[in-house]
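Chemist: From the sequence below, what's the structure:
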Amino acid sequence: MATDVDIKKLLEAGAHFGHQTSRWHPKMAEYIHSKRGTIHIIDLAKTVTCLETALDLINRLTSEGKEVLLVSTKRQSKDIVLKLAEDTKQPFVVNRWLGGMLTNWPTISTQIKRLKDLEAKMESGELQNKYSKLEVQRFQEEIDDKNFIYGGIKNMPAKPGAVFVFDMVQEVNAVREARKLGVPIIGLCDTNSDPSKADFPIPINDDAIKTIDLVCDYVRSAIEAGQAKREKSTPAPDKDEKPVVLGA
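Modeler: Coordinates of the predicted model:
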């Protein structure tokens, strides 16, 4: 699926406004159109090309049944990204990136297993039947604390298809771990970012809420189209097919 990105919508969302010229990263030079006073202006024609390339990757990955880990711990974008993740059933980290979330999966998976076990016992009533109200309350607090950190990745495979970071500077630890594992990185790169750290850099204002909203809309469409393609290509079980009886 080729996704067409509307440059006018990017312009209206303020996607072209970079940081002050004094804060720029030299490797962003090829994506900078001009200066407006003390502000760098991003070349939106290149933004369109880069965003469309990233969206096509997302569509392909999700059509193959792979997941895209969405990472945004920044205050102004975390709620928008959380809604995107929940709507599309993708893994996410929006509160805190805990060291080793990708590179130390055995330890992380142990914590996730503990979380799922407690949730199952809480839902079944096993904890309420065995422990006092105070002890059950403490178990619930542990569940809440673990969900705060691990909730978004508790159903994620050890290695996602890609990691999408909504701020290359803010999410430096996620970028570092993904690079170490060779997981493709899609990253929003403002003028203070190093685009060479992303496999699929997207030069864009990563602070404006309208811009984040617009990007998430495009990402949502790409994921949903990929998921629909996968569902269409997955053969439905044959209701008339008779079970094979071993030894018959």
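Chemist: Let me know the secondary structure of Ile202.
Modeler: strand (DSSP: H, G, I helix; E, B strand; the rest coil).
Chemist: Contact partners for it?
Modeler: 47, 50-51, 54, 186-189, 215 (C-beta atoms under 8 Å, 6 or more residues apart in numbering). Every residue, glycine included, has its C-beta placed from N, CA and C.
Chemist: Filter the residues you listed down to just the ones in strands.
Modeler: 186-189 (DSSP state E).
Chemist: from these, which is closest to Asp207?
Modeler: Minimum distance to Asp207 across these is 9.7 Å, recorded for Leu188 (C-beta to C-beta).
Chemist: What score does the closest residue to the closest one other than its chain neighbours have for pLDDT?
Modeler: Computed as C-beta to C-beta, 6 or more residues apart in numbering, the closest residue to Leu188 that is not its neighbour in sequence is Asp206, at 4.3 Å. Here, the pLDDT recorded for Asp206 equals 96.
Chemist: And Asp206, its phi and psi?
Modeler: phi -100, psi 10 (degrees, to the nearest 10).
Chemist: For it, list the residues it contacts.
Modeler: Taking C-beta under 8 Å, 6+ apart, one finds 77, 166-168, 188-190, 193, 212 in contact with Asp206.
Chemist: Just send the residues you listed back as TSV, with distance to Gly100 too.
Modeler: TSV is the format used below for the contacts of Asp206 (distance: C-beta to C-beta, whole Å):
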residue	distance to Gly100
Ser77	24
Phe166	21
Asp167	20
Met168	20
Leu188	24
Cys189	25
Asp190	27
Ser193	24
Ile212	27
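Chemist: Out of the residues you listed, which one has the weakest pLDDT?
Modeler: For pLDDT, the smallest value among those belongs to Ser77: 94.
Chemist: quick one: the strands in this protein?
Modeler: 17-20, 32-36, 39-42, 68-71, 92-93, 162-165, 185-189, 200-203.
Chemist: of the contacts of Asp206, closest to Glu135?
Modeler: Ser77 (38.1 Å).
Chemist: Ala208 and Ile80: what is the separation?
Modeler: 11 Å (C-beta to C-beta, to the nearest Å).
Chemist: ugh, typo on my part, it should be Asp144
Modeler: Distance from Asp144 to Ile80, by C-beta to C-beta: 23 Å.
Chemist: Please say which of the two ends up with more neighbours.
Modeler: Taking other C-beta atoms under 10 Å, Asp144 and Ile80 do not tie; Ile80 has more neighbours (18 against 10).
Chemist: List the contacts of the more buried one.
Modeler: Applying C-beta under 8 Å, 6+ apart, the residues near Ile80 are 72, 209, 212-213, 216.
Chemist: OK, contacts around Leu115?
Modeler: 143, 146-147, 150-151, 154.
Chemist: what does the model give the most centrally placed residue in the chain for pLDDT?
Modeler: The residue lying closest to the centre of the chain (C-alpha atoms, centre = their mean) is Leu70, at 0.8 Å. In the predicted model, Leu70 carries a pLDDT score of 98.
Chemist: Which secondary structure elements does the longest helix along the chain sit against?
Modeler: The single longest helix within the chain, with elements called by DSSP state H, is helix 209-233. With contacts taken as 3 or more C-beta pairs under 8 Å, 6 or more residues apart in numbering; DSSP states H and E, helix 209-233 sits against helix 7-12, helix 44-63, helix 75-88.
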